[in-house]
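J.: Compute the structure for the input listed below.
(one chain, ligands or ions: 2)
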Amino acid sequence: MNKFKKKAAVLLSAVMLSSGLAYSPAVSLPSADAAPSEYKSGFDQKVIKRFQAERSIEHIAYLSEEIGPRVTGTEAEQEAADYIKNLLNSYGYEVEEQEFAIPDRMSGTLETVDGNEVQVNIPSGSGFTDTDGITGLLFDAGLGYPEDFSEEAEGKIALISRGEFSFAEKTQNAVEAGALGVLIYNNSAEQPPLNMSLGDYESPVPVAGLTMESGQALLEDVAAEEKEVTFAVERLEDATSKNIIASKSPKHVDNPEIVHVTAHFDSVPYAPGANDNASGTSVVLELARILKSYPIDKEVRFAFFGAEEIGLVGSEHYVNELSEEEVNRSIGNFNLDMVATNWEEASSIYMNTLDGQANTVTESAEAAAERIGTPSPLTLYQRGASDHVSFYEGGIDAVNFIRREPETANLEPYYHTPDDVLEYISEERLQEIGELVGAAVYELIRK
Ligand code: BES
Ligand code: ZN
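T.: Ligands and ions are numbered 1, 2, ... in the order given. Prediction:
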């Protein structure tokens, strides 16, 4: 080991210790003086002993590697729904499938003659092609000013850099120069591909946003070497998504209170979604498995949502489908989204609420953390952007459990990128959140 590596290794182990990553769930720590009196009480033990992070890892591997990106409204999203449904059936639940329509969306592909696939993001307002797409040479149009186009641009696919003026004007200039399609690449190194708005402009030709990296690679290789690309854009109509729901009711309680434990299983394009949100899905699956056999005096609903990434559509549908009477019986929503990144800095479990205020769910999680000695600090924080929003708007106390960096609230750098993969998942953190939410939920619903 050279000097540099050694230093890095020492630093890493120090960070691991201070952030509680060295925590091993298999080892119980009955240190009498440090522990609260109810430390790991019998009912908590019933959850902790049975929660197996290895099972969650298997689910994440299936969802993020076997299936891969699970874009809303696609076959992959349906496959994920089937996987979840089959598991819940195997745990002994009767499973409800809740199908709903999603808005039409644009989908595109861009391939070079060498067979390289380029990631694209199609804005609404783009034109369409037939399924074969258009095939042509690229034209380097710089920033896309009118004077950047020569006669050479006619019949080619314009490649334009972001910057200085609007995407709609750049597209219009390309169309006026006779381009057959428009590709606009980012001017900063972000993943995923450029997500642009054309405003009210309806382009007669197909348009796509690209990453800066893709744009530069196309310029240096494909445009310079005069190689062709094939670019196709289609509009997907009448697509649907679905929620998967498994419920368990108490035996002898009329109109019991309801606890909703939830996670979304769809992902953004190109992201395998291991942490966002196979992680939450895998933990809720494991909680459904272990809580199946215990007597309870409240109702628990494990709900898995599609179509979160296009604007919380699945959870909004789920809450809208609840009757007023069911809403009144609902005491809380534990929503797990991005709970197991192994990014060291995300050492705190954030409890995001819409109003930034504590509620039944944050209080029950705080109490559970205290009883079982959850190693990571819990942070109450005001933030939406996940399915807890739908519950909050329906008048139900709701929390999004999500790992972030303390103080800055930063998310891991893999978020919404092709790097959101199993390799960056922490089994210890899966176990930690499983025990925490499991203990909190079980304390609420147990007999
Ligand atoms: N998993 C994220 C959760 C999240 C919460 C990310 C807060 C960032 C901040 C979620 O799936 C997501 O990406 N949400 C969207 C918004 C949503 C309404 C489509 C986002 O934050 O861009
Ligand atoms: Zn998410």
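J.: Checking the closest residue to ligand 1 within the stretch 251-400 of the chain next. Helix, strand or coil?
T.: Minimum separation of the stretch 251-400 of the chain from ligand 1 (CB to the nearest ligand atom) falls at Ala385, amounting to 3.5 Å. Any C-beta I mention is one placed from the backbone N, CA and C, and that applies to glycine too. Following DSSP: H, G, I helix; E, B strand; the rest coil, Ala385 is assigned to coil.
J.: quick one: contacts for it?
T.: By CB atoms under 8 Å, 6 or more residues apart in numbering, the contact set of Ala385 is Asn400.
J.: element containing Val229?
T.: For Val229, the host element (DSSP states H and E) is strand 228-236.
J.: Restrict that strand to CA atoms and write it as PDB.
T.: Below are the C-alpha coordinates for strand 228-236, written out as PDB (Å, rounded to 0.1, in the frame of the first residue of the first chain):
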ATOM      1  CA  GLU A 228     -24.800   8.900 -39.800                       C
ATOM      2  CA  VAL A 229     -27.100   8.800 -36.800                       C
ATOM      3  CA  THR A 230     -30.600   7.500 -36.500                       C
ATOM      4  CA  PHE A 231     -33.000   9.500 -34.400                       C
ATOM      5  CA  ALA A 232     -36.600   8.400 -33.600                       C
ATOM      6  CA  VAL A 233     -39.200  10.100 -31.500                       C
ATOM      7  CA  GLU A 234     -42.600   8.700 -30.700                       C
ATOM      8  CA  ARG A 235     -45.500   9.900 -28.600                       C
ATOM      9  CA  LEU A 236     -46.800   7.200 -26.100                       C
END
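J.: So for that strand, mean pLDDT?
T.: On average, the pLDDT along strand 228-236 is 96.
J.: Could you check it and say which residues are buried?
T.: For strand 228-236, the neighbour count (16 or more other CB atoms under 10 Å) marks 228-234 as buried.
J.: Over to stretch 179-192?
T.: Buried residues in stretch 179-192, counting neighbours by 16+ other CB under 10 Å, are found at 179-186, 191-192.
J.: can you check stretch 344-357 too?
T.: Within stretch 344-357, the residues that qualify as buried are 345-354, counting by 16+ other CB under 10 Å.
J.: Thought Asp114 was touching Lys227, still the case?
T.: Yes: judged on CB atoms under 8 Å, Lys227 makes contact with Asp114 at a distance of 6.9 Å.
J.: quick one: what helix or strand has Ile331 in it?
T.: Ile331 belongs to strand 330-336, assigned by DSSP H and E.
J.: quick one: average pLDDT of the following helix or strand past that strand?
T.: Per DSSP H and E, the first helix or strand lying C-terminal to strand 330-336 is strand 348-353. The average pLDDT for strand 348-353 rounds to 98.
J.: what angle do strand 348-353 and strand 330-336 make?
T.: Here the directions of strand 348-353 and strand 330-336 differ by 140 degrees (axes from the mean of the first three to the mean of the last three CA atoms, to 10 degrees).
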